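Peer 1: build me a model:
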Amino acid sequence: MSHDVSLIAIIAVGFGLALILGFAAARLRMPPLVGYLVAGIVIGPGTPGFVADMQLASQLAEIGVMLLMFGVGLHFSVADLLAVRRIAIPGAIVQIAVAVAMGASVAHWWGWAPGGALVFGLCLSVASTVVLLKALESRGLLETANGRIAVGWLVVEDLVMVLVLVLLPVFASLLQAGSGSATATATATAVNLWSTVAWTLAKVAAFIATMLVVGRRVFPRMLWWVASTGSRELFTLCVVAAAVGVAFGAAKLFDVSFALGAFFAGMMMRESEFSHRAADESLPLRDAFAVLFFVSVGMLFDPAVLWQSPGKLAATVAIILVGKTLAAMALVLLLRYPLNTAITVGASLAQIGEFSFILAGLGVSLNLLPKEGQDLILAGALLSIALNAALFAATGPVLVWAQAHSALARRLAQRDDPLAQLPGHVDLSRVQDLVVLVGHGSVGRQIAEQLRAAQVHCIVADENRETVEALRRAQVPAVAGDLMDPATLIQAHIARASALLITVPDSLLIRHLTGIARELNPEVRVLAHGATEDEAALLREQLGIEVRLPDQALAESMGGQAIHWLRPERGH
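Peer 2: I've put the predicted structure just below:
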C-alpha cells in the first residue's frame, strides 16, 4: 500500500478490527479493552499479514494519551480525594512501594539491570483507571463508600505516576548500568543530578503555577464565550483544542510530558460551570483516540514472549493478581476498615493498564527497560484485564464463603469499629425530639446547623469515616457505616427518632432507608432529597413521604420542615 494512505489504513483497519474483537470480548464478559489490545497485536509486526505504520501509530497513541489524561483531569476532584485521604493516600503509597519491591526483586533475580527492574516494578504497581471505573459502574459500586475509596486510591496512584513520568528522564542516566565508562558517566551525572532535578522541578512548578494562575481564569471564561455562541461544534473544538494545545505547549515551553499538560488542562476545565458539558461533548473523540492508543500499544507486543518466557509471564501475572491484591487488602484491614472494603479495593487493583503502557514505552525509549519487559507488561495487562471481571464477580461469593467457614473473616467483616457506634458520653435517655440525618454533604451540613440553632437533637449517619471523625471532634453525635446496612440506622437510634431526613438523592437508597426506618419505628416521619420532579412524585405516591427538590431552597426547606414537625411553635 502506498505511503500516502498509511494513516487512513491504520485508522480504518485499526477501528474495524477493534470493533470486531472488542465486541467479541464483550460477549465473553471481558472488557472491550482486551479486544482493542488484541487488534493491535494482529496488525503489529509480531504477527503475519498486514502491518500498520509504527511511526504513525506512535503519534496517534500520543494523541490518545493526551485525551486520556485530559479525561482523568476533567473528572479529578480534590474534594473527593480529600474525603477518603486517610485511607487512599497512605494505602496507595505503601501499596505502590510493595508492588515495586515485588516487581523489582523478581526482575533483579532474572538478571536485569537496576534501572530496568525499577521501571518494571513501577509498571506493575499502578492499575487502570478505565478498567476500574467500568467495573465499578457496571456493578453499581461507583457511588458507594467502597467505590469512592477505590477511585481515590487510584487517583493517588495516577498522581504518583505523573510525577514518575516527569522525573524518570532526569534519573535515566544514573539508573543505566553498563561498563566502566558508563559507570563513570553515571558518576558524573550523579554530581550534577540534584541541580538537574531542581531545574526540572522548577519548570514543572512554573507550568503548574501558570495553569493555576492563568489557566484557572482563562479556560472557564473561554468555555463560557464559546458556549454563548450556541455552536455545538465550536464548543467541542474548544475543548479538544485546549486539551491538545496545552499538552503540546507544556512539552515545548516547559519540557514536561504531554500527559501532565493534558491532565492539568482537564483540571482547569473542571473549574467551569460547563465542565459536565465539556466531558460529554469530548467523550466520543476521547473514546475513539483511546481505542487507537490501546491498538497502538498492542502493536508493540511480541507474542513470542508467551512461549519463550512462560515462567516470567506467570510471575508477572502472579504479582498483579495475587501480590497487589493481598497487599492492598492487608493495608485496608490494618487501617481498620471492614473485610468487604478490603476485598473491593483488592479486586479493583488486580490489573494494570494505560499508565503501565506509557511508563513501559518511556522506559524502553530511555534504554532502561528491555524489550522483553515491555512484552511481559503487555501480556500481563491482557491477562489481568481479562480476568479482572471474573475476579470482581467472585468477590461476593468469596466474602460469603469466608464468613461461613472462618471465625476470623466474621470478626473482620463485623469488626469492632468505634465509629459505627455512638460515643459512650452521648445520653439519649432524656431526649424527646430526635432527628436522624442521613448524609453530611453540602445540604446535610446546612440542615444540621439549622437543627442545632433550633436546639433540636440530631444524629448524623454518613458513609465517610473522615466526615464522622470531624463531626465527633466538634461534639456532634455521628455514626459511620454502609447506609444500605440496617445496623447503621439502628446505631443512629432510628427507633427513638421523630424524623428521618435523607439528603442523598438516590431513589433506591431512599426506598431502602424508608423501609428500614418504618419497620423499626412505624411513627417516624420521613423527608428526602429528590433528584427530579418525576422521581419525587413517584416517591410521594408509593412511600407516602415528603420530598424536596434542589430548586426549592433544599437545605432550608428540609431543615425548616423538620423543625416545624417537632416544634410547631418555632415556625415553619
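
Peer 1: and the next helix or strand past the helix or strand bottoming out on mean pLDDT in the chain?
Peer 2: For the chain, scoring each helix and strand by mean pLDDT, DSSP states H and E identifies helix 180-191 as the least confident one, at a mean of 49. Once helix 180-191 ends, the next helix or strand along the chain (criterion: DSSP states H and E) is helix 193-210.

Peer 1: show me the contact partners of that following helix.
Peer 2: The set of residues external to helix 193-210 that reach it, using C-beta atoms under 8 Å, 6 or more residues apart in numbering, is 166-167, 170-171, 174, 189, 250, 253-256, 260-261, 264. Every residue, glycine included, has its C-beta placed from N, CA and C.

Peer 1: biggest separation within the residues you listed, which pair?
Peer 2: 189 and 264 (28.9 Å; C-beta to C-beta).

Peer 1: quick one, helices of the stretch 301-450 of the chain?
Peer 2: With DSSP state H, counting those that start in this stretch as the definition, the stretch 301-450 of the chain shows helices at residue ranges 305-308, 310-318, 324-334, 339-348, 354-365, 371-405, 407-413, 442-453.

Peer 1: what is the burial count for residue 118?
Peer 2: Counted with other C-beta atoms under 10 Å, residues neighbouring residue 118 total 23.

Peer 1: that one reaches residue 105, doesn't it?
Peer 2: No - using C-beta atoms under 8 Å, residue 118 makes no contact with residue 105, being 10.8 Å away.

Peer 1: can you pull the contacts of the closest residue to residue 243 other than its chain neighbours?
Peer 2: Of all residues not flanking residue 243 in the chain, residue 70 sits nearest, at 3.9 Å (C-beta to C-beta, 6 or more residues apart in numbering). Taking C-beta under 8 Å, 6+ apart as the criterion, residue 70 is in contact with 243, 247, 262, 263, 265, 266, 269, 282, 286.

Peer 1: need the per-residue pLDDT for residue 70.
Peer 2: Per-residue confidence for residue 70 comes out at a pLDDT of 82.

Peer 1: can you report phi and psi for it?
Peer 2: Listed backbone geometry of residue 70 is phi -60, psi -40, with angles given as degrees, to the nearest 10.

Peer 1: what of residue 125?
Peer 2: Main-chain torsions, residue 125, degrees, to the nearest 10: phi -90, psi -20.

Peer 1: mind checking pLDDT for the closest residue to it other than its chain neighbours?
Peer 2: Nearest non-adjacent residue to residue 125, counting by C-beta to C-beta, 6+ apart: residue 99, 3.6 Å away. The per-residue pLDDT reported for residue 99 equals 92.

Peer 1: these two touch, right, residue 99 and residue 324?
Peer 2: Yes - checked against C-beta under 8 Å, the pair residue 99 and residue 324 is within contact range at 5.2 Å.

Peer 1: separate out the buried members of the contacts of residue 70.
Peer 2: Neighbour-count burial (16 or more other C-beta atoms under 10 Å) applied to these gives 243, 247, 262, 263, 265, 266, 269, 282, 286.

Peer 1: avg pLDDT for the host helix or strand of the fifth one?
Peer 2: Counting by DSSP H and E, the secondary-structure element that holds residue 265 is helix 258-269. Along helix 258-269, the predicted local confidence has a mean pLDDT of 80.

Peer 1: now the following helix or strand past it: buried residues?
Peer 2: The first helix or strand that comes after helix 258-269 along the chain, using DSSP H and E, is helix 275-299. Of the residues in helix 275-299, those buried by neighbour count under the rule 16+ other C-beta under 10 Å are 275, 277-279, 281-282, 286, 288-299.

Peer 1: same for whichever strand or helix holds residue 12, what does it pack against?
Peer 2: When elements are defined using DSSP H and E, residue 12 is found to belong to helix 6-27. For helix 6-27, the elements it packs on are helix 32-42, helix 54-74, helix 275-299, judged by 3 or more C-beta pairs under 8 Å, 6 or more residues apart in numbering; DSSP states H and E.

Peer 1: average pLDDT for it, rounded please.
Peer 2: Looking at helix 6-27 alone, the average pLDDT works out to 87.

Peer 1: out of the contacts of helix 193-210, who's the most crowded?
Peer 2: Highest neighbour count within these, by other C-beta under 10 Å: residue 261, with 28 neighbours.
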